[in-house]
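Peer 1: sequence and computational prediction follow.
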Amino acid sequence: MMETLTFIILIIISLSIALCMIRVYKGPTTPDRVIALDTVAVNVLAFITVLSMHLNTEMFFDAVLVIAVIAFVGTIAIAKYLMKGDIIE
Amino acid sequence: MSINDIVVSFFLLVGIFFIITGTVGLLRLPDFYNRIHAPTKATTLGVSSIILGAIIHFYGVLPDAGFKELLAILFIFLTAPVGAHMLAKAAYHSKVEIWKHTIIDERAGKRVIGEELLPREEVLEQKEEERNPD
C-alpha cells in the first residue's frame, strides 16, 4: 500500500520538475531561470526523501542536507553576481 | 493499514499538494516579482511536510532516525527566504520589468499607475476603468 503511494508521488514530483524546466526554457530573464532551478533543487529534495521511504533506507538523508546547502550557496552566488557583477570583492 | 501509515500518507499528500501548487504558480504567474513568491513559500512548506512524514515513517523502524531530517527542515526554513530575498533584490537592481497592472512600487516609493501619489481608492478606480473601458 505504502509502496504504491510513494511510487505515485515520485511520478508526480517528476512531472513537477518537468514543469519547472519549462520555466527554465522560457525565461524570459535570468532571475526567472535562477528561481526555477532553485525550485528544481527543492523538488529534488522531496524526491530523494520519498525515494528513501520507497526503498526503506535512511542512507539518502545526507544527500538531502548536501543538496540543500549547495542550492542555497548557488542561489546566493548568482544573486550577488547579478547585483554587483562580482561574487567576491 | 495501520494508523502510522495513515498519518504518513496524510503528510505526503499535503506535501505533494503544496509542491504542485508552487510549481504551477511558478509557471503561470505574470511577472518575476509575482513568480518568486509562489515556489519559495509553497515548496518550502511542501518539502517540510514530506520530510515530517518521513520522520514518522522511520520512527522506531530504523535506529537514530529523525535528527538529520529535523536538521534538514530547520535548514530549509532558514535558507529559502534568504535566497528569495537576495534574488528579488538582485532582480530589482538589474531592472527586471514590472507587470503592467502593478499598482504601487513600494521600494521606489511611487505608484506605477498615475503621475502623482494618489490615494489608494482612486488608483483602484482608475485601474478598474482601464480594464473595462465601457
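Peer 2: Sure thing, it's come through. Quick caveat: nothing in here was measured; it's all calculated off a predicted structure.
Peer 1: in the helix or strand that contains residue A:49, what counts as buried?
Peer 2: In the assignment (DSSP states H and E), residue A:49 maps to helix A:30-55. When burial is assessed from 16 or more other CB atoms under 10 Å in any protein chain shown, helix A:30-55 yields the following buried residues: A:30-53. Backbone N, C-alpha and C define where each C-beta goes, glycine included.
Peer 1: got the CA positions of the helix or strand following that helix in PDB?
Peer 2: Using DSSP H and E, the helix or strand that follows helix A:30-55 in sequence is helix A:61-84. Extracted in PDB, the C-alpha atoms of helix A:61-84 (Å, rounded to 0.1, in the frame of the first residue of the first chain):
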ATOM      1  CA  PHE A  61      19.200  11.900   4.100                       C
ATOM      2  CA  ASP A  62      22.800  13.000   4.000                       C
ATOM      3  CA  ALA A  63      22.200  13.700   0.300                       C
ATOM      4  CA  VAL A  64      19.200  15.900   1.300                       C
ATOM      5  CA  LEU A  65      21.400  18.000   3.500                       C
ATOM      6  CA  VAL A  66      24.200  18.400   1.000                       C
ATOM      7  CA  ILE A  67      21.800  19.300  -1.900                       C
ATOM      8  CA  ALA A  68      20.000  21.900   0.300                       C
ATOM      9  CA  VAL A  69      23.400  23.500   1.100                       C
ATOM     10  CA  ILE A  70      24.600  23.500  -2.500                       C
ATOM     11  CA  ALA A  71      21.300  25.000  -3.800                       C
ATOM     12  CA  PHE A  72      21.400  27.800  -1.200                       C
ATOM     13  CA  VAL A  73      25.000  28.700  -1.900                       C
ATOM     14  CA  GLY A  74      24.400  28.600  -5.700                       C
ATOM     15  CA  THR A  75      21.400  30.900  -5.400                       C
ATOM     16  CA  ILE A  76      23.200  33.400  -3.200                       C
ATOM     17  CA  ALA A  77      26.200  33.400  -5.500                       C
ATOM     18  CA  ILE A  78      24.200  34.100  -8.600                       C
ATOM     19  CA  ALA A  79      22.200  36.800  -6.900                       C
ATOM     20  CA  LYS A  80      25.400  38.500  -5.800                       C
ATOM     21  CA  TYR A  81      26.700  38.200  -9.400                       C
ATOM     22  CA  LEU A  82      23.600  39.800 -10.800                       C
ATOM     23  CA  MET A  83      23.700  42.600  -8.300                       C
ATOM     24  CA  LYS A  84      27.300  43.600  -8.500                       C
END
